[in-house]
Structures are given as C-alpha cells and as structure tokens.
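[1] what follows is a protein structure lacking sequence information:
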C-alpha cells in the first residue's frame, strides 16, 4: 500500500516511452505493424494519419487500454506486461484525455478531479481539493467547480478532463483526438490550454488533426498509415518537405481547404 | 369599406367551431356516461344481492370462520372469525413476497453480474438460466417445483440433513431458537457493536479526509459484531436453547417447519423474478458507456474501485425504477398460491371465505385494496430511494 503514495522513482537516462517492434491484431485484422518509437522526456509528439491508421490504438497501448500482442512497451522504465502491478504503476504516471471527455456525470467538476487522488494516491481530501482548484485555475474554470459536467459546454468539459488528469501529477500525457468532438469556436480554448501545458515541459503524445498545433508545439510529427509509422520528422520538414508519397497525399488532402 | 378598430375583439366563432367549448362539452358527456355506467352497475348488484337474500356489509368479518388454515403466523383455529382469516392470509402473502423479494434480488444481481463475466462458461450458464426461467409461464414453474421436484425428495425418515436442518417431501425443518433470561445481554452487546462500528466508520472517513490514510473499517466492524455478542453470550452463561426438529412417528416435531407449499412458491417466485432482475442489472451496467471505465482505468483506479465509485452509481439510476416494477410483479404473482394450496390472501380469503359467505363484492374489494396498498407502498418507497440516487446526477 505504501508504494502507491509516493510516485514511482524516475529512472535516469531512459526515454519516457519506448516502443520496440510492437504488433497488435484485432482478430484477423493487423492494426499495429512493427511500431518502433522512442519518446524522450519533455518531448512533444503529434501523431497524425488517415482514420483507421492505428493512431489511437497506438497511444492507447501506452496505458494498456489496449493490449499489444508482440514487442515491448516500456514506460518510465517499467515494462507493460500482463503483470497487474506494472499496469497500476504506469497508469498512475500516465494521464489521458479522450475525444469524448469521459467525465463522470454523477460527480461535480471538483469531485471528478479529486476522485483519483483520494482513492489512488491516498491523498487527504482537503489537499486533493486544493490541488484540484489549482489545476482548475490553470485551465481557467475554477468558478465551475461545483457544477456537474452536463451543465458545461464541450470546451469546458474537455478542459476539466485535462485538469482531472493533471491532478494525478502525471509525467506523461496522452491526448486522443482531444478537439475532434468540439465546435470550431471551442477548439481554440482547448488548444490554448494544451499549449500552456506544453510550455511547462510535460511529455506529450497527441493524436490530432490540428496542423497549426503541430507546427507550433510539436518537436516531432509521426505520420501513420495502415498500422505502420510511415514517416517521423520535425514539423517544418514534415509540412514543407514530406519525404513519403503517402504523406504527401495525406497532407494535400487535409490542407486543401 | 369599414375598418375594424384595433381594440375591437375578433368576432367569436360559432359555438361548434370553438375548440375550447367543444372540449368542455365532450368532457361533460364522457363524465356523465361513466357516472351512469357505475350507477347502473351499483344498482344492478344491489338488486341481485337482495333478490338472492345476501346481506351486504362487513358484518361477516365478525362471524366464526369454522375452517382451519394450513399455516398461520398468528394463533388461529376454526373458532376464530373471518376477520382473523383475512389477517392470516394477508400475513402469509406478505411472508412469501418478502422471502421472494430478498432471494430474487440476491440471485438476480449475482446472475446479472455473471452474465457480463469474461469467463465464457459462467456467462453462458447465466444466459441459459435467464432464457429458461424467463420464457416459461410462472404458473407452470410453480407447479413444476411443487408437483415434480418436491415429491422427489425423500420421506421424513430419509431426510436430507445439513446440520440440524432437515429437508424432505413434507417440507423444510429448521431449529427454533428459545431465548432464556439473560439473552438480553447478547442483544445489548450486538447493539453496542453496531453503534461502535458506525462510530469507527465515521472516524475512519474523517481520518481519510484529513490524512488520506484508509482504515480497514469492514474487517474491524465484522470482528466487533461477531466477537462482542459471543463474549456476552459466554459471560451470561449461554442463555439460548434450540428447539431442534425431531423425528417422531411419521414426521418431524418441534423447530420451525416450512411447509412445502411455501417452499415451492417462494422458490418459484424467486427464481422466476431473478431472471428478470438479472437482465435489468445487466442492462443497467451496460448502459454506462465503456468510456467511463476507460477514464477510470486511465486515472489509475482499480477494477473494483471503478465498479464501486463510477459504474454502479450510474447504473443504479437505470436499475431502480425497473427493479420496483419487478418487486410489484412478484408480490402480485404470489396470488398464484391457490394453484398449489399455499394459504395466501387469495386462497383463504378470496377463496374459502368467499365460498362460505358469498360476500363477493366486499371480499374481492378488500383483497384488491390490499394488493393496491402493498404495491403503492413498495412503489412509494422505491420512488423515494430513486429520487435520492437521482439527485447525485444533477
């Protein structure tokens, strides 16, 4: 029980996330094919690609919402195996933001943020609430703390979801299409929050189609198609001088509007 | 050309084209027709009763019944009144409904969760249970347990014995506790243990809020509630005796005898209703989107915590209203009791008493009134509970 309170020690000199030869199948369907990707500490990675290319599946493997069948995934020095203990350690250190927010509708905004710190980190309630208010202020909605998720707009809900993840003081944040379910005028408020988070030096893996965000924030852009990583490049090279034919096709399709 | 000034009201439509007036007329007409119908029925009943020389009113409740009842929770024999038979029947109905509700809920939740198990065999078995018992008529199931299964049980001499519990074709026999002076101490110790447990739970909750340290409340309370009464029991000199069922002649004497009719009816009602409750529980849990589970897992909550803190509170809102209607169904279905001769309200009051007195209107009215009151009470309680659970949402 005592190990759950203190955070897992940071292994020096290791990448935050290592994926080595990762494969995954849904029945017959080969979703991930030989994925190799190392993410350094503080690195911000944007993953893009056509729908069905395996982007979401890949980042969902990092906190074991999906199980890979072959290869190694090592997060913060802990390898993901079917060992429940390892999965618990990793999930405590990895935060995730979903396309559909997935806030708990039966809890207030504040309770959404304090639930995991109280039950997983065994934090005193007062301290958990203090932390929660701190992050709700960071995402600029402290005044909504006593409301229920259903009473907020989509953009506000997504910012609560970001604050909820941050309350666990994660070292790595995963974003699974965080703006895809939002109205255009709300996308900006969420992206601004994410840019501010990036400035704090958080390690971020972000599946998104927001190319402007990728240009301003990402250290590297990963392009996936058909379950494979086709191209990994720094944003300027990626957008101005795509190497691969499929990347060029994809970019021409999404940038023509 | 004449202009109408603005403050002049538009010409009223003719009487038949004004929807509001039409509504009024139709409603008055319907009311009058219904009133006439009831007046006719009432008059007709009174006329026929009078013609056959049947007196109306509730005087018969004070007359001697003259028949015995198979099972009674209160003292009763043939010298008691019809009013007493009503009470005996009512208590028997309440007993079988209460037993049925408790067991149907337990089995239902168990099977409902099993139905969602990732273990293939368990989920298939649960599914088989649901499909079989939900799709057979209840009356048939009651007859099945009573006429097909219970007679297969051994004779009293070869009873199935589990400890001091005997099961045979004449029923189920349990030891009956006899409380002697001094047993009050045991009850007092139990009360003390419960109060202490509540205080500990409150203290532990405050401590967790303050320091984050959880306290094993469940195990401490369990220890207290088990140990304290035993201690008092020993200190008071074991002031409890058991009246054990004993085989005398052809059957058991002493103890608590559960007649086979009650056993079969409670069993059939529990098993049948549990199949519906299982489906309600399954649909309730499935109504909570998978994203909720994923979000909880991603935050590091364990599966048990996820179920308790995130899934169940949301599922209960879907489960409770449907659970209410199943409880009501079970209570109403207990009126199938006469089929196997269990002396419930319908059997002894709307059956035997009605046959003997002929006071059909009063008796059927009273019986219907009873079911209505029971049903409305259950539904009022569940509505209150549902409101409490629903408040959590918004």
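    Sure, I can see it. These numbers come from a predicted model, not from an experiment.

[2] in contact with the residue of the stretch 101-250 of chain B found nearest chain A: list those residues for me.
    Using Cβ to the nearest Cβ, the single residue of the stretch 101-250 of chain B nearest to chain A is residue B:209, 3.8 Å away. Backbone N, C-alpha and C define where each C-beta goes, glycine included. For residue B:209, the contact set (Cβ atoms under 8 Å, 6 or more residues apart in numbering or on different chains) comprises A:124-126.

[3] can you flag the buried ones in those residues?
    Among these, the ones that count as buried by 16 or more other Cβ atoms under 10 Å in any protein chain shown are A:124-125.

[4] which of the contacts of residue B:209 are close to chain B?
    A:124-126 (Cβ under 8 Å from any Cβ of the partner chain).

[5] determine if any part of stretch B:297-306 is in contact with chain A.
    Yes - interface with chain A: stretch B:297-306 contributes B:297-302, B:305 (Cβ under 8 Å from any Cβ).

[6] re the thing from before, mind listing which of the contacts of residue B:209 are in helices?
    Residues of these located in helices (DSSP state H): A:125-126.

[7] just the contacts of residue B:209 now: which is nearest residue B:120?
    Of all the contacts of residue B:209, residue A:125 has the smallest distance to residue B:120: 41.7 Å, by Cβ to Cβ.

[8] using the three-state scheme, assign the closest residue to chain B within the stretch 151-257 of chain A.
    In the stretch 151-257 of chain A, no residue comes nearer to chain B than residue A:168, which is 6.2 Å away by Cβ to the nearest Cβ. Three-state assignment for residue A:168 (DSSP: H, G, I helix; E, B strand; the rest coil): coil.

[9] and the residue nearest the centre of chain B?
    Central residue check for chain B by Cα atoms, centre = their mean: the C-alpha nearest the mean position is that of residue B:101, 3.9 Å away.

[10] and chain B, what are its domains?
    Using automatic domain parsing, the domain ranges for chain B come out as B:39-138+B:260-394, B:181-239.

[11] of these, flag the one that's most buried.
    Most buried of those by mean neighbour count (mean count of other Cβ atoms under 10 Å in any protein chain shown) is domain B:39-138+B:260-394; its value is a mean of 17.

[12] so where's the stretch 151-257 of chain A shaky on pLDDT?
    Along the stretch 151-257 of chain A, segments meeting pLDDT under 70 span A:256-257.

[13] show me what from it comes close to chain B.
    A:151, A:161, A:164-165, A:168.

[14] run the last query once more with 10 Å
    For the stretch 151-257 of chain A, the residues found near chain B under the criterion Cβ under 10 Å from any Cβ of the partner chain are A:151, A:161, A:164-165, A:167-168, A:170, A:174, A:176.

[15] would you state the helices of the stretch 151-300 of chain B in chain order?
    Using DSSP state H, counting those that start in this stretch, the helices of the stretch 151-300 of chain B run over B:183-211, B:217-235, B:260-287, B:290-298.

[16] need the ones you listed in TSV (columns: mean pLDDT).
    Putting the helices of the stretch 151-300 of chain B into TSV (pLDDT from 0 to 100) gives the following:
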stretch	mean pLDDT
helix B:183-211	86
helix B:217-235	85
helix B:260-287	94
helix B:290-298	95
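
[17] do a quick rundown of the strands in the chain.
    No chain was given, so I picked chain A. In chain A, the segments counted as strands under DSSP state E are A:17-26, A:29-39, A:44-48, A:70-75, A:78-79, A:94-97, A:172-176, A:203-207, A:220-225, A:228-233.

[18] if you could check chain B rather than the one you did, that'd help
    Per DSSP E, chain B carries strands over the ranges B:160-162, B:165-168, B:171-174, B:176-179, B:240-243, B:246-248, B:251-253, B:256-258.

[19] out of the ones you listed, deepest packed?
    strand B:171-174 (a mean of 22).

[20] which residues sit against it?
    When contacts are defined by Cβ atoms under 10 Å, 6 or more residues apart in numbering or on different chains, strand B:171-174 is touched by residues B:71, B:150, B:153, B:156, B:159-161, B:163-167, B:242-247, B:251-264.

[21] and of the contacts of residue B:209, the nearest to residue B:352?
    Closest to residue B:352 out of the contacts of residue B:209 is residue A:125 (62.3 Å), distances taken as Cβ to Cβ.

[22] for that closest one, which residues are in contact?
    The contact partners of residue A:125, by Cβ under 10 Å, 6+ apart, come to A:114, A:117-118, B:205-206, B:208-212.

[23] test my guess that residue B:159 contacts residue B:250.
    No - using Cβ atoms under 10 Å, residue B:159 is not in contact with residue B:250, being 12.0 Å away.

[24] more neighbours: which of the two?
    Just comparing residue B:159 and residue B:250: by other Cβ atoms under 10 Å in any protein chain shown the higher neighbour count belongs to residue B:159, 21 against 9.

[25] I'd guessed residue B:240 sits against residue B:184; true?
    No - using Cβ under 10 Å, residue B:240 makes no contact with residue B:184, being 11.4 Å away.

[26] now do the shared contacts for the two.
    With contacts defined as Cβ under 10 Å, 6+ apart, no residue is shared by residue B:240 and residue B:184.

[27] so what's the residue count around residue A:105?
    Residues lying near residue A:105 (other Cβ under 10 Å) number 19.

[28] contact partners for residue A:69?
    Neighbouring residues of residue A:69 by Cβ under 10 Å, 6+ apart: A:22-25, A:31-32.

[29] switch the residues you listed over to a markdown table; also include distance to chain B and neighbour count.
    Output for these, formatted as a markdown table (distance: Cβ to the nearest Cβ, whole Å; neighbours: other Cβ atoms under 10 Å in any protein chain shown):
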| residue | distance to chain B | neighbour count |
| --- | --- | --- |
| A:22 | 19 | 22 |
| A:23 | 22 | 15 |
| A:24 | 17 | 22 |
| A:25 | 19 | 14 |
| A:31 | 17 | 21 |
| A:32 | 18 | 25 |
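
[30] now for those, which pair is the farthest apart?
    Greatest spacing in the contacts of residue A:69, by Cβ to Cβ: A:22 and A:25 (11.5 Å).

[31] what touches both of these two?
    Residues touching both residue A:22 and residue A:25 (Cβ under 10 Å, 6+ apart) are A:32-33, A:68-70.

[32] and which of the residues you listed is nearest to residue B:23?
    residue A:32 (66.8 Å).

[33] between strand A:203-207 and the biggest helix by length in chain A, find me the angle.
    For chain A, the helix with the greatest residue count under DSSP H is helix A:184-199. Per axes from the mean of the first three to the mean of the last three Cα atoms, to 10 degrees, the angle that helix A:184-199 makes with strand A:203-207 is 150 degrees.

[34] buried sites along helix A:184-199?
    A:186-187, A:189-191, A:193-194, A:197-198.

[35] so which residues make contact with it?
    Residues external to helix A:184-199 that are found in contact with it (Cβ under 10 Å, 6+ apart): A:42, A:44, A:97, A:138-141, A:153-159, A:161-163, A:165-166, A:173, A:175, A:178-180, A:182, A:202, A:204, A:206, A:208, A:210, A:212-213, A:216-219.

[36] so among the residues of the stretch 151-257 of chain A next to chain B, which ones count as buried?
    Those of those that meet the buried threshold are A:161, A:164-165, A:167-168, A:170, A:174, A:176, by 16+ other Cβ under 10 Å.

[37] quick one, what contacts residue 235?
    Picked chain A for this. Residue A:235 is in contact with A:44, A:46, A:211, A:213-221, counting by Cβ under 10 Å, 6+ apart.

[38] oops, I was thinking of chain B
    For residue B:235, the contacting residues are B:182, B:185-186, B:189, by Cβ under 10 Å, 6+ apart.
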